[in-house]
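Participant: What follows is a protein structure lacking sequence information:
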């Protein structure tokens, strides 16, 4: 995002966290309680569901007007998530800022991160970045962060405690949208795509999620999230397979001592080693001869697939690079998907679902993006109410006791 060199020096030393009290260790410690399971995370997730509900109500009111599926998912997840994270003063309420974000994500980030081209060849991306930074500069200058989520307030406090320049804090806050949205959006898209494009999976997932909904006499429909996590094996299996097939991130590690790899390659102490997740995700020894194909059954209990090595799936990273926002992202993707499949049928505008190529995927993210978008008509299901939907993140007394070890 164009932060100053002193800030880069502080952050850049910890590309692969090691021992001690480094920058990322301090950051994770400051934010851990707001992103770990508990009341603060539940509050964020609940607000996000409220925001998603507004998006779904609008979709229902549009009377099956065709939308470009990927863009619809991206627009509404960015709006719902940013409204939760940044609060009432959310800069993305301005359509100009949302448009700038999309342009920055599509054009700006890939070129700016490489840093190989002169500025005049990256003008479109630089202009989009400047629009974003200016919007968040106003957000902070006007004190709108005081009504943000606890997570964002603590994050900004951490940056100030680290004595980052004000201009860099603005850029880092704007850059948070990369962490929240760049992988969340394609994950949600692929989950919806694989379910809607397979009638059998759609039927099974609807049955599972329906059983996780508590209906009340006043018409309110409440999705019980603990049931979505514990009693929806097909939905959970598809979710994991999305990360396996479509995940292509890199796991950076720092060599703690000299090591001869495979009797051929000497890795010196202090070197950075980047491990491609796709090598592990497509390893036939772990996943079978069809490792490159999508099959949710490999994650279903009791399926024909052999039990896989749990370390072979790197969906949210691992070790010191385990994504701190994984619980929030999981809840958002699963609940959006659950409410979508219960309330809407999906009809591809051209009459069929394509098998999307992903050769143009941005390497800035860690999940494939489709090379092109696809028109879809989302029709409200007959006999299914579109009003009064919510989510409950509380645990039954027995489950809560087991979770606490009581």
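Facilitator: Happy to help now that I have it. Remember, it's a predicted structure, so these values are computed and weren't measured experimentally.

Participant: Okay, buried residues for whatever helix or strand residue 229 lives in please.
Facilitator: Residue 229 is part of helix 225-230 when elements are defined by DSSP states H and E. Neighbour-count burial for helix 225-230, with 16 or more other CB atoms under 10 Å as criterion, is recorded at 225-228. Placement of C-beta: from N, CA and C, glycine included.

Participant: The residues you listed into TSV, with extra columns for pLDDT and distance to residue 363?
Facilitator: As requested, the buried residues of helix 225-230 are exported to TSV (pLDDT from 0 to 100; distance: CB to CB, whole Å):
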residue	pLDDT	distance to residue 363
225	97	33
226	96	36
227	97	37
228	97	32
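
Participant: how about the strands in this protein?
Facilitator: In chain order, the chain shows strands spanning 67-68, 213-215, 221-224, 250-254, 259-261, 265-267, 272-276, 344-348, 375-380, 389-392, with DSSP state E as the criterion.

Participant: Could you dump these into a markdown table and include mean pLDDT and distance to residue 51?
Facilitator: Compiled in a markdown table, the strands of the chain are given as follows (pLDDT from 0 to 100; distance: least, CB to CB, whole Å):
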| stretch | mean pLDDT | distance to residue 51 |
| --- | --- | --- |
| strand 67-68 | 98 | 18 |
| strand 213-215 | 94 | 19 |
| strand 221-224 | 96 | 15 |
| strand 250-254 | 82 | 32 |
| strand 259-261 | 94 | 47 |
| strand 265-267 | 95 | 46 |
| strand 272-276 | 87 | 35 |
| strand 344-348 | 97 | 18 |
| strand 375-380 | 97 | 18 |
| strand 389-392 | 95 | 12 |
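
Participant: Present those as TSV; the columns should include mean neighbour count and distance to residue 127.
Facilitator: Written out in TSV, the entries for the strands of the chain read as follows (neighbours: other CB atoms under 10 Å; distance: least, CB to CB, whole Å):
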stretch	mean neighbour count	distance to residue 127
strand 67-68	18	24
strand 213-215	14	45
strand 221-224	19	41
strand 250-254	17	29
strand 259-261	11	44
strand 265-267	11	42
strand 272-276	12	31
strand 344-348	17	35
strand 375-380	18	29
strand 389-392	20	38
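
Participant: For residue 306, find the nearest of the ones you listed.
Facilitator: Proximity to residue 306, assessed across these by CB to CB, is greatest for strand 272-276 (23.1 Å).

Participant: can you list the strands of the chain in TSV and add distance to residue 102?
Facilitator: Conversion of those to TSV gives the following (distance: least, CB to CB, whole Å):
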stretch	distance to residue 102
strand 67-68	12
strand 213-215	33
strand 221-224	29
strand 250-254	24
strand 259-261	41
strand 265-267	40
strand 272-276	27
strand 344-348	23
strand 375-380	18
strand 389-392	27
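
Participant: quick one on the thing from earlier: report the distance from the helix holding residue 229 to the chain centre.
Facilitator: Remark: helix 225-230 is offset 19 Å from the chain centroid, using CA atoms, centre = their mean, to the nearest Å.

Participant: packing partners for it?
Facilitator: In terms of contact count using 3 or more CB pairs under 8 Å, 6 or more residues apart in numbering; DSSP states H and E, helix 225-230 is assigned the packing partners helix 326-343.

Participant: Okay, buried residues for the helix it packs on please.
Facilitator: Here helix 326-343 shows 327-343 as buried, counting by 16+ other CB under 10 Å.

Participant: what mean pLDDT would you report for it?
Facilitator: Averaged over helix 326-343, pLDDT sits at 97.

Participant: Against which helices or strands is it packed?
Facilitator: In this structure, helix 326-343 packs against helix 39-61, helix 69-86, helix 184-196, helix 199-210, strand 221-224, helix 225-230, helix 233-246, strand 389-392, with contacts taken as 3+ CB pairs under 8 Å, 6+ apart.

Participant: Among the ones you listed, show me which one is buried the most.
Facilitator: Taking mean count of other CB atoms under 10 Å as the contact definition, the stretch among the helices and strands packed on helix 326-343 with the greatest mean neighbour count is helix 184-196, which reaches a mean of 25.

Participant: Can you tell me which of the buried residues of helix 225-230 is closest to residue 66?
Facilitator: Sorting the buried residues of helix 225-230 by distance to residue 66 puts residue 228 at the head of the list, at 28.9 Å, by CB to CB.

Participant: Quick check: the closest one vs residue 239, distance?
Facilitator: Distance check for residue 228 against residue 239: by CB to CB, to the nearest Å, it reads 10 Å.

Participant: Now do the shared contacts for the two.
Facilitator: Counting by CB atoms under 8 Å, 6 or more residues apart in numbering, the residues touching both residue 228 and residue 239 are residue 334.

Participant: if we can go back for a sec, turn the helices and strands packed on helix 326-343 into a markdown table, including distance to residue 309.
Facilitator: Rendered in a markdown table, the data for the helices and strands packed on helix 326-343 read as follows (distance: least, CB to CB, whole Å):
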| stretch | distance to residue 309 |
| --- | --- |
| helix 39-61 | 29 |
| helix 69-86 | 31 |
| helix 184-196 | 22 |
| helix 199-210 | 25 |
| strand 221-224 | 32 |
| helix 225-230 | 22 |
| helix 233-246 | 12 |
| strand 389-392 | 33 |
